[in-house]
Each structure stands twice: as C-alpha cells, then as structure tokens.
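# Attaching a predicted model along with its sequence, questions to come.
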Amino acid sequence: MSVRTRFAPSPTGYLHIGGVRTALFNWLFARQHDGQFLLRVDDTDQQRNVESALAPILHGFRWLGLDWDEGPEVGGDRGPYYQSQRSELYQAAVEQLLASGAAYRDFATTEELQAERDAAKEAGKSFVYSRRWAAETDADAQRFAAEGRAGVVRLKMPREGELVINDLIRGEVRVAWASEQDHVIQRADGSCLYHLATVVDDHAMGITHVIRAEEHLPNTPRQVFIMQSLGYELPAFAHLPYVAEPGSKNKLSKRKLDKYLKNREFAALVQHGESIAARMNLTVDTDVFNPVIVDFYEQIGFLPDALLNYLLLLGWSLDGEREEFTREEMIELFSLERVNRAPASFDPQKLLAFQDRAMQQLPAKQKTARCVPYLQAAGLVATPPDCDTGPQLTKILAAAGDRVKMAGDVLDYDDFFRADDQLQYDDKAFEKRLVKPPAAAELLRKFAERLAAVDPFDAATVEAALKSFVEAEGIKIGDIIHALRVATTGKAVGFGMFETLEILGRDRAVNRIQLALAKLPPA
RNA sequence: GGCCCCGUCGUCUAGCGGUCUAGGACUCCGGCCUUUCACGCCGGCAACACGGGUUCGAGUCCCGUCGGGGUCACCA
C-alpha cells in the first residue's frame, strides 16, 4: 500500500513556521516512500473568504517547493479537499455512530453541563457526564425537543480500560478511557466538529500516516474511538514536538511578536527585514511581516532551501555531525525514528547561518536573478532591466561576496544604481571622513586628478595608482581610502574600494569625488 | 487542578552500558588577516536537572523527586 500523508491547514491567512515544519516532515515522508502528500483545508468552523485566507498558505507551499499531489487547486480523485464541502460524509458517519450506539443525541444545556462540572470540582472529582439528557430513544429525543432543547451528538466514550497508542516518535502512549469525555461531534445546527471530520477524511482519503504536532496527542484517543467505532483501519501516528519560542519552551505563537521582540536575535532579524522593506518603500503588514510567518522570509529574499534545511534540523538529526542537505538528500535520509521527542526552540541566528551558507553556495547567475526584483521594487532598476543591468549586478554581487546574505541585502549597494548627483551621503560618515580631517579634501582633489588618468580602469591598476599616490604623499592608505569611499559611495562601509571604483568606472568615480568636494563647506 | 508529553553546553543536537577527562553546529569571547564591513583561519568558555536503585561499570536501564511544556470547547 502506498504511503499517503497530509497536512490540513485551517485557512487562517498565513503560514506558520511550525506548521511548515510539520508539513515538511509529512512531505519528506511521503516523497521518500514514493507516496502522496495531500493538502486538505480544515474549514469546518466559520468561513467566509476561505479562498483569500487560503491563498497565502498555498503561496507559501509553492514558494518552498513543497508540492502536493492532491488538494486545493490541483484536485485529485478523493476530493473535494475542503471540509466544508464534505458534510454529507460526516452526516453519514454520525448516523452510523448513532446506529451502533457509539454516539448519542444529547440535549443538555450549557448551564446544566456547567453545573455538573462545578459539582464534580466541588467534590474534588474529575468530571464525568451523567448522560442525564442523553436521548436513548427517538421518543426521548422528541420529548427533549418539545421542551425546547437543542440536541448535539456526543461520543459515548468507554469509561473503563485503557488505550495504547503506538506512536512512531513517542513509542507506547497509554491513556485511561476514564480520563476521556463524551466529546461533541455534531453541533445542534447539524455541522460537524473537527475530530469527526478529520477522522472521516483521513479514512476517505486513504491517509496511512498521521504526522502532526504533539498538541494533537491528547486528541488521539477520541479519534481512535471514532475510527474503531466506524470500523476503520487505524493509520500510523507520529506526534512531532512543537516548535518553541526563542530561548524558551513555550510553543511558538504568531500572536506573541511583541514578546519575542525582546529577544535580541529575534529583534535583529525583524529589524533587518524592516530595513529591507523600507528601502523598497514597502509598507509592511506587521501581522504578516513577522519571522513566525513564512511570508516574511520570502519578502526579504531568503532561499527556500535554506529555510527548509534549518527546519529539518529543528527536531531531526542524521548523526549530530552533518547539517547540510539538499532536497534530494533530505528525502533520502529523513526518518521519523530520528525525530527528537523534546520541543526545539526556534533560533533566528542559526537560521541566518543556514541562509548565509546557502547564499554563498548559490551560483552567480541565480544570485543575480534573485536580486533583480529587489532593485526593481526599490525603483533602482527598470522593468524589464536594461541590458547592462545584469552584467553590472553580477560584478557587484561578485565583489560583495558573502556580504549579501539574503537577496534583499543587494539594496546595500543602491549607490551603484543612482545617478551621481542623486547619491545619498551618510551624514556621520561624511562628517567624520571628509569634513573633519583637514587634509581630506586636498588629498581627494589630487587623487581625482590621478584617477582621471588611470588606464585601464580596473581594480588592479587603480590599486597601483592609489598605492603610489599614498607613497608620494607620504601618507597612510587609511588617510585617504575612507574619504574616498564616502565620496564615491556615500557610505562608510562597503566591499573592496578598488572593485568599487572599477565598477563605477572612471567618469562616475571622478565625477562623484568632484560632487562630494563641492558639498564640502568652504575651508 | 486532571490527563499526557518532555528534561545532554545559552540554542539545535550526537550519544542506543564500558571507546564520554561527553562529540559536532550556531551564538559568545580572545587572536590572526585587513582600506571599512563581511568572510575566512586559529584558539577558548560552556551541558548529562536531582536522588535512589540495577550493574564489575550509567548520560545511556528502572523508580521517585523536581522542573518545563502541551491539552482539557457545540476551535482547529
């Protein structure tokens, strides 16, 4: 039998990083076994705008390259893949459960139930529903209904014995049936609840391995009860630990951004992202522009493979030594047996390290292609790009090397794409390197003259020219190079000065020096 | 509080009774390189929660304690 796994997001409007890891493990497991990975939309609850709330999630999956064999937009022969469109199946299951006595109609009001709960608490005992308002017969049901009561359908859970779950990650988990409640599976309005729906769908869709986050572990007994009552074969279960907050063991949550911002590394990541967004004149929706949400990484130019590689290691390891895996290697080497049982904290720094490494290994051509859209978004490059943009950018990226850690970082080199008279100067650097040193202006003026005669105008020749200039003037290289950098790029930092000048070209370099000198206050 | 899960450096982890004076990675701290920044290189700090067993021998097995977390809906 072919392996079939699924990821069942509810349409929330964003893709959570923890969810992606769960999806990744499901995907890897399915791919490794030449099985199918499906996406199913768990929208049994509310939903208007399911489409718009689902779009970002599907977009995230596509960006990451986690393809699904069946599900929204791709179809499949076990559809529909939206739970809101599968009510008849649930209804049939409810009726079967009712008929076999595994479920009953219950007419208790919320208040009555609460009273029982309170009483149990008062008595220091755990709550066990009396089933007082359970309708054993149709006549009972009619009588209750006549009283104006609304009926729901509850599971008639066993109250003796225990359930043993053989979890692929956790091993044997034993739960006493007595600790379970008679969970509601169908509301008074006829709509069905998640537990019923997920079980019915997993069965109907032929899911063989339920790989999900551990917060579902406590839900498993009731689901197993439904499966058994319906005569379904049980799938294999694998409960993954959840992804925890940076530096804590609490579950990572989208809503606690403010709290995470107090974490230095996390805050640094956010700021880095914000600075990139700002340079693209992008007004960010702080609700989504958040390292807990996958979209964040796409926006600032992360490599999907780097994110995936990091996430893979968050809870799984091959041997404790090897950390880099290509997609193919992940598929080949992944195993549920080696998934850790304890929750793992999300570490922005380590994620960055993976991204950094992946970016360094990215072929120049691809790097260029990934950076172009950022320059376009910032209005620095035309759409489509002029024909000299590509070669120019490739040179810049080669010179920048590993300074460009994510595609959005290319905006650090915006000065190459601005007209000379549009250069923006870092005020502090301008002051420190050009205004303050008494000799700076004169040195720059003299060197500009030398520069105008350099031929060929390449890094090596420019370097030789500067070295001989420095020698002739009897100064240290540091006495002029900083001023030169600020004058030609407007910035205090950047990659190699000689590469910078070569890329700029003679005319622009000289022109920029003149413009900077002109901005200087009269001596 | 009930039920369940978990517990090796700050973080991610290796370790499946002896090869562990506990290994790797990220971070951090020194040093080197150097025109700034980044990279790189060299070196360093840093952990088996605790207590009992079992055993010739325990990070590794068992029990307990403590600690952390998840979950207890007519949410998913």
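Okay, I see it. Numbers count the residues shown, from 1 in each chain, chains lettered A, B, ... in the order given.
# okay, now A:F416: neighbour count?
19 (other CB atoms under 10 Å). Where C-beta positions appear, they are placed from N, C-alpha and C, glycine not excepted.
# same deal with A:E431?
Residues near A:E431, counting by other CB under 10 Å: 12.
# With the one 10 residues further on instead?
By the criterion of other CB under 10 Å, A:A441 has 18 neighbours.
# pretty sure it is touching A:L434, no?
Yes: counting by CB atoms under 8 Å, A:L434 is a contact partner of A:A441 at 7.0 Å.
# hey, what's in contact with both of these two?
A:L520 (CB atoms under 8 Å, 6 or more residues apart in numbering).
# contacting residues for the residue most central in space within chain A?
Nearest residue to the geometric centre of chain A (CA atoms, centre = their mean): A:V294, 2.3 Å. The contact partners of A:V294, by CB under 8 Å, 6+ apart, come to A:Y14, A:L15, A:H16, A:I17, A:V20, A:G60, A:W63, A:L64, A:L307.
# can you check A:K491 too?
A:K491 touches A:D415, A:D426, A:A429, A:R485, counting by CB under 8 Å, 6+ apart.
# With A:M359 instead?
A:L303, A:A306, A:K367, A:D402, A:V404, A:K405, A:M406.
# Let me know the helix or strand that it is in.
helix A:348-361 (DSSP states H and E).
# now that helix, how far from the chain's geometric center?
15 Å (CA atoms, centre = their mean, to the nearest Å).
# Can I get that helix in CSV, CA atoms only?
Output of helix A:348-361 as CSV, limited to C-alpha atoms (Å, rounded to 0.1, in the frame of the first residue of the first chain):
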residue,chain,number,x,y,z
PRO,A,348,17.0,33.1,14.4
GLN,A,349,20.8,33.1,14.4
LYS,A,350,21.1,29.6,13.3
LEU,A,351,18.5,30.1,10.6
LEU,A,352,20.6,33.0,9.4
ALA,A,353,23.7,30.8,9.4
PHE,A,354,21.9,28.4,7.1
GLN,A,355,20.7,31.1,4.8
ASP,A,356,24.2,32.6,4.8
ARG,A,357,25.8,29.3,3.8
ALA,A,358,23.2,28.6,1.1
MET,A,359,23.6,32.1,-0.4
GLN,A,360,27.4,31.6,-0.6
GLN,A,361,26.9,28.4,-2.5
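# pLDDT averaged over it - what is it?
Helix A:348-361 shows a mean pLDDT of 95 in the predicted model.
# quick one, helices of the stretch 351-500 of chain A?
A:364-377, A:389-400, A:427-430, A:440-452, A:459-473, A:478-489, A:497-504 (DSSP state H, counting those that start in this stretch).
# List just the nearest of the contacts of A:V294 to RNA strand B.
Of all the contacts of A:V294, A:H16 has the smallest distance to RNA strand B: 11.4 Å, by CB to the nearest atom of the strand.
# quick check, nearest of the contacts of A:M359 to A:E233?
A:A306 (39.1 Å; CB to CB).
# dump the residue contacts of the closest one.
Taking CB under 8 Å, 6+ apart, one finds A:L351, A:F354, A:Q355, A:R357, A:A358, A:M359 in contact with A:A306.
# how about those residues in a markdown table, adding distance to A:V94?
Formatted as a markdown table, the contacts of A:A306 follow (distance: CB to CB, whole Å):
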| residue | distance to A:V94 |
| --- | --- |
| A:L351 | 45 |
| A:F354 | 47 |
| A:Q355 | 48 |
| A:R357 | 52 |
| A:A358 | 49 |
| A:M359 | 53 |
